[in-house]
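Chemist: here are the coordinates; sequence isn't available:
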Ligand SMILES: NC(=[NH2+])NCCC[C@H](N)C(=O)O
Ligand SMILES: [Mn+2]
Ligand SMILES: [Mn+2]
């Protein structure tokens, strides 16, 4: 794995309806992310937070909430991530709601022929403005990256699509809207729902996912939504869904990714310190980061 890491924060909550995820980057830093990575002898540079314009520049003539602000913030993120990858540095992005994956993927994907994506999440985030039950853009980033949805989201950073359906693996899904299920079926996206994880166990699921991606991709982005974890352990998220992954399973998943050495960029999103219990969810994000970057007990 790349020894040089650049941290980029995007303190944005405009892709969903609850205040608080804009404080995610501070909470993750406060939980000791940088020290943890430095402890692994990695060279870490914190590029700070991207500024977010809260007021709309134009009135959006769509049912997508805060579209112009989300596009503006994501365009800045795409620029920064693009520059980071160009320098040969590993981009590590702290959110913010999950709509920021649109910008992260836009900045990364042009550097690869076949970028793989691991979407670690309770949700598919495969809605478009037609299928979304909420109008919240954080439920749309994976669809947008596939080239589906509103033009200003799909065309962000100047090219479409960012990922191919066969290069995506979703892990931990347990809340999928009807339109998302249809898209998964239609595009043949590989999804390990909680059902497969319970039946096969995390070791087998990760082994499968890693082998699958290794065969077809030349880089893999990890997009980790903390609501993939069970809310009893990770309460600091805006859209909790019961029946989720444990912290232990998630650690194992990260350790297996570290061993396979396939991850080339990552983001940790949806940490909401206002809903959290003593910064526990942010601390879990940091713990998982440790494992992802090769922390070992012996
Ligand atoms: N990144 C997330 N937490 N996404 C939750 C999405 C929830 C729901 N599917 C929606 O479209 O509104
Ligand atoms: Mn998500
Ligand atoms: Mn989610």
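Modeler: The structure has been received and is ready for your questions. Quick caveat: nothing in here was measured; it's all calculated off a predicted structure. Ligands and ions are numbered 1, 2, ... in the order given.

Chemist: from here on, just use CA atoms for contacts and neighbour counts.
Modeler: Fine.

Chemist: spit out the contact partners of whatever residue of the stretch 151-298 of the chain ends up closest to ligand 3.
Modeler: The nearest approach of the stretch 151-298 of the chain to ligand 3 comes at residue 227, 5.0 Å away (CA to the ion). By CA atoms under 8 Å, 6 or more residues apart in numbering, the contact list for residue 227 reads 121-122, 234, 237, 239-241, 244, 270.

Chemist: considering these, which possesses the most neighbours?
Modeler: residue 270 (32 neighbours; other CA atoms under 10 Å).

Chemist: would you enumerate the residues in contact with residue 230?
Modeler: 240-246.

Chemist: in a markdown table, list those residues along with pLDDT and distance to ligand 1.
Modeler: Converted to a markdown table, the contacts of residue 230 look like this (pLDDT from 0 to 100; distance: CA to the nearest ligand atom, whole Å):
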| residue | pLDDT | distance to ligand 1 |
| --- | --- | --- |
| 240 | 98 | 8 |
| 241 | 98 | 9 |
| 242 | 98 | 13 |
| 243 | 98 | 15 |
| 244 | 98 | 13 |
| 245 | 98 | 15 |
| 246 | 98 | 17 |
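
Chemist: the closest residue to ligand 1 within the stretch 151-298 of the chain - nearest residue in space that isn't next to it in sequence?
Modeler: Nearest to ligand 1 in the stretch 151-298 of the chain, going by CA to the nearest ligand atom, is residue 239, at a distance of 5.3 Å. Sequence neighbours aside, residue 227 is the residue nearest to residue 239 in space, at 6.9 Å (criterion: CA to CA, 6 or more residues apart in numbering).

Chemist: for the stretch 101-250 of the chain, which residues are neighbours of ligand 1?
Modeler: Taking CA under 6 Å from any ligand atom, the part of the stretch 101-250 of the chain that reaches ligand 1 is made up of 123, 125, 127, 132-134, 136, 138-139, 177, 239.

Chemist: may I ask which of those residues has the most neighbours?
Modeler: That'd be residue 127 among those, by other CA under 10 Å, with 29 neighbours.

Chemist: that one should be in a strand, yeah?
Modeler: No: with DSSP: H, G, I helix; E, B strand; the rest coil as the criterion, residue 127 is coil rather than part of a strand.

Chemist: distance of residue 214 from residue 103?
Modeler: Remark: distance between residue 214 and residue 103 (CA to CA, to the nearest Å) = 24 Å.

Chemist: what parts of the stretch 51-200 of the chain come near ligand 3?
Modeler: 121-123 (CA under 5 Å from the ion).

Chemist: in a markdown table: these, plus pLDDT.
Modeler: Output for those, formatted as a markdown table (pLDDT from 0 to 100):
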| residue | pLDDT |
| --- | --- |
| 121 | 99 |
| 122 | 99 |
| 123 | 98 |
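
Chemist: CSV for those residues, including distance to residue 14 and secondary structure?
Modeler: Putting those into CSV (distance: CA to CA, whole Å; DSSP: H, G, I helix; E, B strand; the rest coil) gives the following:
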residue, distance to residue 14, secondary structure
121, 19, coil
122, 20, coil
123, 18, strand
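
Chemist: need these in a markdown table (columns: distance to residue 220).
Modeler: Output for these, formatted as a markdown table (distance: CA to CA, whole Å):
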| residue | distance to residue 220 |
| --- | --- |
| 121 | 16 |
| 122 | 20 |
| 123 | 19 |
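
Chemist: rewinding a little: how about the residue of the stretch 151-298 of the chain closest to ligand 1, phi and psi?
Modeler: Per-residue torsions, residue 239: phi -130, psi 70 (degrees, to the nearest 10).

Chemist: what's in contact with stretch 208-222?
Modeler: 105, 112-120, 167, 169, 257, 260, 262-267.

Chemist: show me where the stretch 51-200 of the chain has helices.
Modeler: 67-86, 101-109, 141-145, 151-154, 178-187, 194-200 (DSSP state H, counting those that start in this stretch).

Chemist: what angle sits between the second one and helix 67-86?
Modeler: By that I understand helix 101-109. Here helix 101-109 runs at an angle of 30 degrees relative to helix 67-86 (axes from the mean of the first three to the mean of the last three CA atoms, to 10 degrees).

Chemist: with that, I have no additional questions.
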